[in-house]
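Q: what's the 3D shape of this:
(2 chains)
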Amino acid sequence: MTHPHMAAAVAHALHKRFIIKESGKIVHAVSDISLEVQAGSLTALVGPDGAGKTTLLRMMAGLMKANEGQLHVLGIDVAADPQAIQDRISYMPQRFGLYEDLSVQENLDLYADLHGVPQTMRRERYARLLEMTNLARFTQRPAGKLSGGMKQKLGLACTLVRLPELLLLDEPTVGVDPLSRRELWEIVQQMIDDEQLTVLVSTAYLDEAERCARVFVLHEGKLVAQGTPAEIRHHARNLCFVAMPPQGQPPRFLQTRLLDNAENVIDAVPQGGAVRFIRRPGSDQRHLDAMLEGAPVMAVEERLEDGFMTLLRKQYIADPVDPTAREAVVRREAAEGKNQGQGEDYVGDVIIEVRDLVRKFGDFTAVDHISFSVRRGEIFGLLGPNGAGKTTTFRMLCGLLPASSGFLQVAGVNLRHARAVARRKIGYVSQKFALYGDLTVMENLEFFGSAYGLSGERLHERIGIVMQQFDLKDKEKSPSGQLPGGYKQRLAMAVGLLHEPDILFLDEPTSGTDPQRRREFWRRITALSEVGTTIVITTHFMEEAEYCDRIVIQDSGKLLALGTPREVRTQAGGKDSRLNMEEAFISIVEQGRRQYSEAAATETGP
Amino acid sequence: MSEKDEASRSDKKVDQGYKGFWLRLISLTRKEIRQLLRDRSNLAIGIGLPMVLILIFGYGLSLDVKNAPIAVVLEDTSPLAVDVIAGLELSAYISPITVTSMRDAERLMLAREVDGIVRIPSDFSRRLTAGDAQVQLLVHGSEASRALIIRSYISGAVSQWMQRQADRGAAGASSGTITVIERMWFNAANTSTWYLVPGLIVLIMTLVGAFLTAMVMAREWERGTLEALFVSPVRPGEILLAKIIPYFLVGMLGLGLCLLAAHFLFKVPMYGSLVVLLVSSMLYLLVALGLGLVISSVTKNQFLASQLALLTSFMPALMLSGFLFDLRNVPLVIQLVGRVLPATYFMELIRTLFLAGNVWPLILKDCAILAGYAVLLLGLARFVTRKKLD
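A: Here you go, the predicted structure:
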């Protein structure tokens, strides 16, 4: 075992460059990073996408070679003897490649064999891992047939078949629902408590980094800050406030106003029906007051995320959505009479109606008699753990999957009879990038525009509008496949909106993206909603539900909650509950599962 | 031989020892076999496809021409001329259609309803007596090899008739008109199945070896299963060995199927030694596996790997190894390409073993070449498989 005060990993002036083949450009994935990971503790690597987190972890695992600098892991020079390190550490890559046609047990056996775990130790170890991951019932099931959260837990179990001297976890909770996420962390925490495991974890969730003893903040390949979570939080000391928007108004209106004022406000997010914001040090109080429009303001304690945002926005002025461009679009659309938006009182007519919707796959009921409706101009969120039936519901709404029974009307068209007609009125942005990577931005827009039946002047007018709306002008001629992640998503949304659909469907658009990009994304969604587009969205980030006008929570195909975020919080924790959205979600899902198992017990009982 | 090779390489570290190596190798091999058995597409390619190929090439594809329609223009109606045609009619290879005029025959030929025209000119019997009788033969040349075969059949039939005439001591027999003496060696019956089926073994081994293994490493790269596997005590050589073992077995199964089919279904004679045949087949299988693994490790993409494997192994083995076309009859450049292919040597070796017997100088030369290729390709596969992501 390593000595508790010894460093598990030491990097000195580490550099890693990549050359992008197509353009010949050099990317500095990691530049001049020096850090020390303490043994026997939990350390986090945080930073936006492309900060160099994965590259750094891969170098520590001996999978990549540094161009310059030294890297020692467990006292061994990685460049000289990567195999010696690989014999002693465990590493869980971002996409843990389970063998999908092998069963849960066979996957565990394989990794136990490869790591040379003696037979005598296995029984106890397996029992413990299977209990912690709740996979004991599924040992014979092929890994490919597990849900996303279960796969991730199995990946972690395979990584932990033996006690490594250092555990590297690369974004272990990406695309995992809050319940599974909590369970994954419980496993890691238990291992740390029981076995003094040394863990280095990279994450996009700042609340996860809050648990760590030490945090390294990376940005564009550089180490911009390090310290305990308290030290990182301290950067936002006395700058955090919560403002209450007027009764009956969604907090996102106030949040947008604040976020757009980058001179005075570092960050603003909706939270618990109010708006949480960080003011810039030395900001102009009069400006702030003008934006707040008399909304009551309360100082609050800073969180790690606030410290992180303050650090990033202090040194790097982010480029938020150009408000003038957006307003121009809003004005133009309004002049064209497109604005059927809600303004201050936003009660539109019903645009999606779902009654008793059922979808079965064989004898498995994925969606079980659910009913809800969405009004024009709403932002409507579909939440639920992995395997809850969200995606199935979503696909039925988009007309991609026929319902087994029930009533489903979208944009005034009954989907049972006229799916093609309905499809013309909706835009769909899938989770994966579904555009042609080798076509340029312009070519993709032209192709999909003509696929939607646009042509000539009308097509180019629409392309011009969406390009402005999503700031794609400067990338017009770039091949889409080579765009940075944020641009790809913007392009996908631009394509989805080309034919001016009444409703835009977005499937987990923010999975695996950092807070900064999520802010930017939601800023655009808010803007879209302002011009009257109805938005239906699924997400794993519960705090994002606060941007929605109304949400539903689904589990095991059943609808557990429906209403405004405030109503859902009240349902979970009673009136004046101080639960945040994630706690409310977990409570509702667990309550639902308890009721379900009780009902099952009485049915089968004596 | 590669096994020892890999073992010694992975045993660089003393603390790991042989025990760790065997444990990991057995575990990885078990994993490969399970995956192979559970993925139906693998089994279909590994076992189903060889069976289909055996049946198609064995029964469906034959280079023999049977019942080729031939127009017969009988301008001479003498008994002698009729007798010539009767000789043609007896042949299993040709089915003569008698027409009245050359014009009709030409029309049939243009419509591709007949493969050729046999014209017996009006002066046939007269000139036969004079010893310089002529029979005009027109063959549709759009399919060169078929045309060639038909030509030889007909001239063979005519000369046979002449020989019969000579035996009977008929007129003209002494005038030296019978000059064609044809005989074929080794494939005395001239059954193309006899040389197609041994060739088929080469094709199937190539398919199983190169095509299937080209997918396996690429699949692991694509599914991201290697990243976690790499950060463990496992050595690259062990990963490769574990891939080779199951596919080697599948390849030998394919070989067994071919040998059974050759013996029982097609009654191909076997003049050489079965042991030599098995040893050389194993060598060639290793060559094919090595090629597949190199392709797989370099491309890291299943689609690209399968295309590349088809283009570099299966297609050349089909076209350029002498399977269909004799290499001695092709342009020099193609011949040189063929000479680079390991399949060519295995093809030569296996046909010799089946149809000619143990020709030791040839066996030793070809086996040495195959062994060289196996060492080269497997070594290269080990060289390009590294536990690195950049």
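Q: Student question: in chain A, what's the helix or strand with minimum average pLDDT?
A: Every helix and strand of chain A was ranked by mean pLDDT, DSSP states H and E. The lowest is helix A:323-335, at a mean of 46.
Q: Next SSE downstream of that one?
A: Note on helix A:323-335: by DSSP states H and E, the next helix or strand toward the C-terminus is strand A:350-361.
Q: Please work out how many residues are found near A:Asp81.
A: Neighbours of A:Asp81 under the rule other Cβ atoms under 10 Å in any protein chain shown: 13. Where C-beta positions appear, they are placed from N, C-alpha and C, glycine not excepted.
Q: And it, how far from A:Gly62?
A: 8 Å (Cβ to Cβ, to the nearest Å).
Q: same check, this time on A:Glu530
A: 51 Å.
Q: what's the average pLDDT for stretch A:294-303?
A: Across stretch A:294-303, the average pLDDT comes to 90.
Q: Ramachandran coordinates for residue 77?
A: This is for chain A. phi -70, psi 120 (degrees, to the nearest 10).
Q: that's the other chain; I wanted chain B
A: Per degrees, to the nearest 10, the backbone of B:Thr77 is at phi -100, psi 20.
Q: low pLDDT regions in the stretch 201-350 of chain A?
A: Low-confidence segments of the stretch 201-350 of chain A (pLDDT under 70): A:315-348.
Q: any idea which element the residue in it positioned nearest to chain B lies in?
A: Nearest residue of the stretch 201-350 of chain A to chain B: A:Ser202, at 14.2 Å (Cβ to the nearest Cβ). Taking DSSP H and E as the criterion, A:Ser202 maps to strand A:199-203.
Q: For that strand, name the packing helices and strands.
A: strand A:42-46, helix A:53-60, strand A:166-170, helix A:178-195 (3 or more Cβ pairs under 8 Å, 6 or more residues apart in numbering or on different chains; DSSP states H and E).
Q: How about the helix or strand hosting B:Gly254 and chain A, touching?
A: Using DSSP H and E, B:Gly254 sits within helix B:236-260. No - shown here: helix B:236-260 not in contact with chain A (Cβ under 8 Å from any Cβ of the partner chain), separated by at least 9.0 Å.
Q: center of chain A - which residue?
A: Closest to where the C-alpha atoms of chain A average out (Cα atoms, centre = their mean) is A:Ser511, at 3.0 Å.
Q: wait, isn't that residue in contact with A:His540?
A: Yes - with contact defined as Cβ atoms under 8 Å, A:Ser511 reaches A:His540; the gap is 6.0 Å.
Q: Return every residue with contacts to both of those two.
A: Here A:Ser511 and A:His540 have A:Gly175 as joint contacts, going by Cβ atoms under 8 Å, 6 or more residues apart in numbering or on different chains.
Q: and B:Gly338, what does it touch?
A: Contacts of B:Gly338 (Cβ under 8 Å, 6+ apart): B:316, B:320-322, B:327, B:330, B:344.
Q: Spell out the residue ranges of the helices in the stretch 201-350 of chain B.
A: B:213-223, B:225-230, B:236-260, B:274-299, B:302-309, B:315-319, B:332-340, B:342-355 (DSSP state H, counting those that start in this stretch).
Q: In JSON lines, list the ones you listed along with mean pLDDT and distance to B:Glu106.
A: JSON lines is the format used below for the helices of the stretch 201-350 of chain B (pLDDT from 0 to 100; distance: least, Cβ to Cβ, whole Å):
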{"stretch": "helix B:213-223", "mean pLDDT": "89", "distance to B:Glu106": "52"}
{"stretch": "helix B:225-230", "mean pLDDT": "91", "distance to B:Glu106": "66"}
{"stretch": "helix B:236-260", "mean pLDDT": "91", "distance to B:Glu106": "46"}
{"stretch": "helix B:274-299", "mean pLDDT": "94", "distance to B:Glu106": "50"}
{"stretch": "helix B:302-309", "mean pLDDT": "92", "distance to B:Glu106": "46"}
{"stretch": "helix B:315-319", "mean pLDDT": "86", "distance to B:Glu106": "35"}
{"stretch": "helix B:332-340", "mean pLDDT": "87", "distance to B:Glu106": "36"}
{"stretch": "helix B:342-355", "mean pLDDT": "90", "distance to B:Glu106": "41"}
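Q: The residue nearest to the centre of chain A belongs to a helix, doesn't it?
A: No - per DSSP: H, G, I helix; E, B strand; the rest coil, A:Ser511 lies outside any helix segment and is coil.
Q: how many neighbours does the residue nearest to A:Leu71 when sequence neighbours are not counted have?
A: Spatial nearest neighbour of A:Leu71, chain neighbours left out: A:Val78 (4.6 Å); criterion: Cβ to Cβ, 6 or more residues apart in numbering or on different chains. A:Val78 has 25 neighbouring residues, counting by other Cβ under 10 Å.
Q: ditto for A:Lys360
A: 15.
Q: show me the contacts for it.
A: Per Cβ under 8 Å, 6+ apart, neighbours of A:Lys360: A:366, A:404.
Q: how close does it get to A:Asp170?
A: Counting by Cβ to Cβ - A:Lys360 and A:Asp170 are separated by 37 Å.
Q: Nearest residue to A:Gly227 in space, ignoring adjacent ones along the chain?
A: A:Val215 is the one closest to A:Gly227 (Cβ to Cβ, 6+ apart), at 6.6 Å.
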